Structure formats: structure tokens, C-alpha cells
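Structure of the sequence below:
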Amino acid sequence: MFDLFHSLIRLSFLLCLACQSSFAQQVVAEDYFAYQQIIHRIDGDILVKNYSVAIQRFDSLYENYNFIYAKHCLKALQICSVSADSVHALKWLEKCMKQGVPLWMLQKNELTKLAFNFSESYQLVDQYDSLRIIYQNSIRQDIRTTIDSLYELDQKYTQKVNDGFILLRYTTYYIRWLKNNKRQFETIKEITETNGFPGERLIGLPGYVTDSLQMSKRFNAQGPLLGETNAYIMLIHYYSNPRLDMNNELIKSVKSGYMPAYQFGALNDFMAKWGRGRYGNYQYYNVWHTDTNPVNAPAIETRRRAIGLNSLVEQEQVDEIYDERVKSKVVNKEIILE
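Down below sits the predicted model:
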């Protein structure tokens, strides 16, 4: 039954891919390594409250990139709202809606809700459904369905390995988990080669973010966390064992905005930690797992910068700020950082 279900999933997306031009043949002028570096400069502007410069940097992203991650649209709106810059705030409020940020989240966050004080904002609220359709038409719903179905199976088998009957965890359940990981990898790899990595740019945000009842507890505790991680998590599971990489495909997706840089770094951390040198000496980015040898620190910093990640010191500072905000329960009252 499982094999039949998996075969139907693969057939459904392969039929859709047949009529699509090859992602590998597309010429992508946008450089998301540079995009991510600009986002980190904006974080620096935020920390010293230089909001006017941050708005200018976001203007450059708006003009030069067709796709802007939802959390960055929300960040831009927060900055404009705090600055009482109605012109830019309305522009980014519209952009948030076009990138799939749900209306309830915009109205509930303590900073973005300030944008609704501007008189023209009611027009955008009236247009929300039509702007939502623009978002839905910009993503591949067929691939979204495929990835969601695969992820549901992934979570089923992962739960069995973690919490199932103990005598079966590392025999029956683990073997099934490994086989399922391999099937998932093949599907994700085929999608990535043809369309780009199935992250937010390709398949949008997870459906549950529109459900304010389901999300409210997490939102109140952790803030407006926006992003797509299903395929990423499945690859994390896949690379928990020695496997051949697909870095050539993934790095193209990072550069073209189909995969966030931190996801690429984390996957390579898993390969470096669990690969055991079987398929080569994979290199750490210190996103998830950490190479603690100080001799390797300069090379890791260079590696991080090359794909748009900030320095380890900067990332530690941002993480500490976020943890303190969560602890103090002010995460929805501050501008989000990377």
C-alpha cells in the first residue's frame, strides 16, 4: 500500500514536470548570496536604530529582486511602521500580502499592526483576497501537495523511530525510515534539478500559517516565524547517515533564492558530522553542528560569507537577542532579526 501511494505521488509531480522548462537551463540574474548579505546589513542598521538606511536597503531589494522572502517583507513593514513612513509601509504591506503573509499575523504583531493606522491601509485590506490569489498563483501547488504528502510520511516513520515500541525502533522502524528517506531524497532531487529546491519560493509557506487558532500559541511565544522547511527537514533526516551529496544542485538554488543559505549550511553540517568520510570530506558551516577546532575557524567564516551567512560572532549576538526577547515575552514588540 505504501509503495503504491509513493508511486502515485511520484507520478503526479512527474507528469507536471514534463511540461516545464528545465530549471538548470534558466538564466537567473538575481544573486541571493548578495541578497542575504544585504539582509545582514539591515540587521546591523536595526540594532543601531538607523531605520532610514534600512528602508533604503529594502528599497534596493524591492527593485532588484522578484522574490523576497515573506519574513523579510514583514521585517521591512515593521521598520516602516516604527518609522511612521506611511508610503513605504503601504508598499511593504501590499508586498507582505503578495508573499503569503496572512492578514491575521499582520494585524496581531505589535509593530506591523501600526501600518493599519494609515488611512490608505483599508484599501489593501479590501484587496487582501485578490492579493492572496496573486500569491497562490505564484507557487507550484502541485509540488506543494507532493512535498506535504512526503513530509507526512516522513513524520510518521520518524515518530515510530523516536517513540515506537522500543524492541522495534532500531530494527523494523529504523529500516523502514531509511528506505523512506531514500525515496524522499530521489523525489526532492528530481524536483530540484527541474524547478529549483522546493522551498518557499517554489511552493510557498506551509498552509498552517493561515490558521490563527493553530498558530496563536507559537506566535505569542516565538513571534512571526515564517518559512518553509518540509523538504529541508526530510534532507536533514536523509543526511543523518553517510550519503552522496547534491550540493551542485542545492548551491544553485541558494544563489537563485529557492533555498535559504542557512539550510544549505545546516545540511552540510550533517554531512560533515555523519558522513564519516565515506563520500568525501564534507565541510562545516557551523549552522547546526559545530566544528570546534579553532584552526578551522577562518575557513568556516570564509565559507559562510561566500553563501551570504553572517559571521559566527554576529550570529551568536542575534541568537542571544532573540532568546532574551522570548524569555522577556517581547518578541512581538521588536523588529525581527535574521
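
how long is stretch 60-75 end to end?
End-to-end distance for stretch 60-75, by CA to CA, to the nearest Å: 15 Å.

same check, this time on stretch 46-55
With CA to CA, one end of stretch 46-55 sits 10 Å from the other.

what is the mean pLDDT for the strand or helix carrying Glu193?
Mapping Glu193 onto the secondary structure by DSSP states H and E places it in helix 174-195. Averaging pLDDT along helix 174-195 yields 94.

again with stretch 107-118
According to the model, stretch 107-118 has a mean pLDDT of 97.

Spell out the secondary structure type for the closest residue to Val287 other than its chain neighbours.
Distances taken as CB to CB, 6 or more residues apart in numbering place Gly265 nearest to Val287, at 3.7 Å, with adjacent residues excluded. (Glycine included, C-beta is placed from N, CA and C.) Judged by DSSP: H, G, I helix; E, B strand; the rest coil, the three-state class of Gly265 is helix.

residue ranges of the helices in the stretch 51-200 of the chain, please?
51-64, 70-82, 86-98, 103-108, 121-126, 128-137, 141-163, 166-168, 174-195, 200-203 (DSSP state H, counting those that start in this stretch).

Need the pLDDT of the residue nearest to Ala306 when sequence neighbours are not counted.
Among residues not flanking Ala306 along the chain, Phe33 sits closest, at 7.1 Å (CB to CB, 6+ apart). Phe33 is assigned a pLDDT of 97 by the prediction.

Stretch 203-222: which residues count as buried?
Within stretch 203-222, the residues that qualify as buried are Ile203, Gly204, Leu205, Pro206, Val209, Thr210, Met215, Phe219, counting by 16 or more other CB atoms under 10 Å.

meant to ask about stretch 226-239, not that
Result for stretch 226-239 [16+ other CB under 10 Å]: buried residues Leu226, Gly227, Glu228, Asn230, Ala231, Tyr232, Met234, Leu235, Ile236, His237, Tyr238, Tyr239.

can you check stretch 285-302 too?
Tyr285, Asn286, Val287, Trp288, His289, Asp291, Ile300, Glu301.

what about it, average pLDDT?
Here the average pLDDT along stretch 285-302 is 96.

mind checking the end-to-end distance for that stretch?
Start-to-end, stretch 285-302 (CA to CA) is 9 Å.

so how far is that stretch from its chain's centroid?
22 Å (CA atoms, centre = their mean, to the nearest Å).

Pull the residues that contact it.
Stretch 285-302 has contacts (CB atoms under 8 Å, 6 or more residues apart in numbering) with 236, 262, 264-266, 268-270, 272-273, 283-284, 303-304, 307, 309, 311-312.

If any of those are buried, give me the ChimeraX selection for them.
To isolate the buried members of the contacts of stretch 285-302 in ChimeraX, using 16+ other CB under 10 Å:
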select :236,262,264,265,266,268,269,270,272,273,283,284,303,304,307,309,312
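
taking the contacts of stretch 285-302 one by one, which sit in helices?
236, 262, 264-266, 268-270, 272-273, 303-304, 312 (DSSP state H).

quick one: which two of those residues are the most distant?
Across the ones in helices among the contacts of stretch 285-302, the longest distance by CB to CB is 20.6 Å; it joins Ile236 and Leu312.

sorry, back to before: hang on, isn't the residue nearest to Val287 packed against Ile307?
Yes - the pair Gly265 / Ile307 is scored as a contact, 6.9 Å apart, by CB atoms under 8 Å.

Would you mind measuring from the nearest residue to Pro102 once chain neighbours are set aside to Arg132?
Nearest non-adjacent residue to Pro102, counting by CB to CB, 6+ apart: Thr210, 4.7 Å away. Distance, Thr210 to Arg132, by CB to CB, to the nearest Å: 9 Å.

could you dump the helices of the stretch 51-200 of the chain to JSON lines with distance to Gly257?
Formatted as JSON lines, the helices of the stretch 51-200 of the chain follow (distance: least, CB to CB, whole Å):
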{"stretch": "helix 51-64", "distance to Gly257": "11"}
{"stretch": "helix 70-82", "distance to Gly257": "11"}
{"stretch": "helix 86-98", "distance to Gly257": "15"}
{"stretch": "helix 103-108", "distance to Gly257": "22"}
{"stretch": "helix 121-126", "distance to Gly257": "25"}
{"stretch": "helix 128-137", "distance to Gly257": "16"}
{"stretch": "helix 141-163", "distance to Gly257": "16"}
{"stretch": "helix 166-168", "distance to Gly257": "42"}
{"stretch": "helix 174-195", "distance to Gly257": "13"}
{"stretch": "helix 200-203", "distance to Gly257": "5"}
